[in-house]
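[1] sharing a model that was predicted from the sequence below.
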Amino acid sequence: MAFDVKTKNRFEKRRFIGLAGSLLAMAVLSGCAASSGGSSKPINVSTSARPAAAQSAPTQITPLGQKILERINKARGASLSLSADLQKAAAGHAADMAAREYFSHVNPEGQAPRERLLAIDSSFNRGVSENIAASTFLPGTSMRAKADKFVHNWMNSPTHRRNIRNKRYSKTGLGVARRGDEIYVVQLFSE
C-alpha cells in the first residue's frame, strides 16, 4: 500500500510540475511581435553574436513543427505555405532562445523578427508577425498532445489568434528547438 501512495505522490508531483509549466507558458505568451513592411528603417544587424546552435539550426520543418502547422492551417481554414527565409529565421530564433535560455521576441542583441529576417535577406520588405511559445511536458507525452497544447494556448490568446487567422498572411516558417525538457516554438507569418 505504501508503494502505491508513493507512486501516486510522484505522479501528482509530475502532474503539478507539468501544470505549473503550462501556466508559466501561458503567462509568457502574453504578447506577440508584429511589424509592417517597408515603412520603418531597419537597424544594422549582425548574426555574428548568435550562438552556433542558432546559425546551424535546421532549415527543414521538424515533425513537431509539421504537426503544429497542420493544426494552425485547420484553425485558419486556409493553408499557409512554408517560406525558406521565414523557416530559417523561425528555426534560428527557436534555437537561439533554447541555447541562450531566454524567451522573447527580441534577442539579446536587440533583433526583432523583422531584423532577423533582414539578416537573412536584406531585401525583405513585407510585413511580419511572430508567435512564440515555450513549454515542458511529462515524459511520454505524444507529439500530437504537444502540438495541440501549443496551438490551444495560441488560440486562447487574442493577439496570437489574430496572427494565426490573419488572411493577409500566406507564408510561414515554424521553428522548434529543445533544451532539456523545455520545447521552444517560433512561428513567423508574412505575405
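    Nice, I can see it.

[2] any stretches of the protein with poor pLDDT?
    Scanning the chain for pLDDT under 70 picks out the ranges 1-54.

[3] mind doing that once more with 80?
    The chain contains residues with pLDDT under 80 at 1-59.

[4] and the strands in it, which stretches?
    Listed in chain order, the strands found in the chain under DSSP state E are 33-35, 81-82, 128-136, 171-179, 182-190.

[5] okay if I get those strands as TSV plus mean neighbour count?
    C-beta coordinates here come from the backbone N, C-alpha and C atoms, glycine included. Formatted as TSV, the strands of the chain follow (neighbours: other Cβ atoms under 10 Å):
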stretch	mean neighbour count
strand 33-35	18
strand 81-82	14
strand 128-136	24
strand 171-179	24
strand 182-190	25
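
[6] which one of these lies closest to residue 65?
    Nearest of the strands of the chain to residue 65, taken as Cβ to Cβ: strand 171-179 at 4.3 Å.

[7] pull up the pairing partners for that closest one, direction included.
    strand 81-82 (parallel), strand 182-190 (antiparallel) (DSSP bridges).

[8] not counting that strand itself, show me its contacts.
    Applying Cβ atoms under 8 Å, 6 or more residues apart in numbering, the external contacts of strand 171-179 come out as 53, 57, 61-62, 64-65, 68-69, 72, 80-83, 85-95, 97-99, 101, 183-191.

[9] let's see it at 7 Å
    By Cβ atoms under 7 Å, 6 or more residues apart in numbering, the residues outside strand 171-179 that reach it are 57, 61-62, 64-65, 68-69, 80-83, 86-95, 98, 101, 183-191.

[10] before we move on, the earlier item: could I get the strands paired with strand 171-179 as a markdown table with distance to residue 138?
    Below are the strands paired with strand 171-179 laid out as a markdown table (distance: least, Cβ to Cβ, whole Å):
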| stretch | distance to residue 138 |
| --- | --- |
| strand 81-82 | 30 |
| strand 182-190 | 12 |
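
[11] I am finished for the moment; much appreciated.
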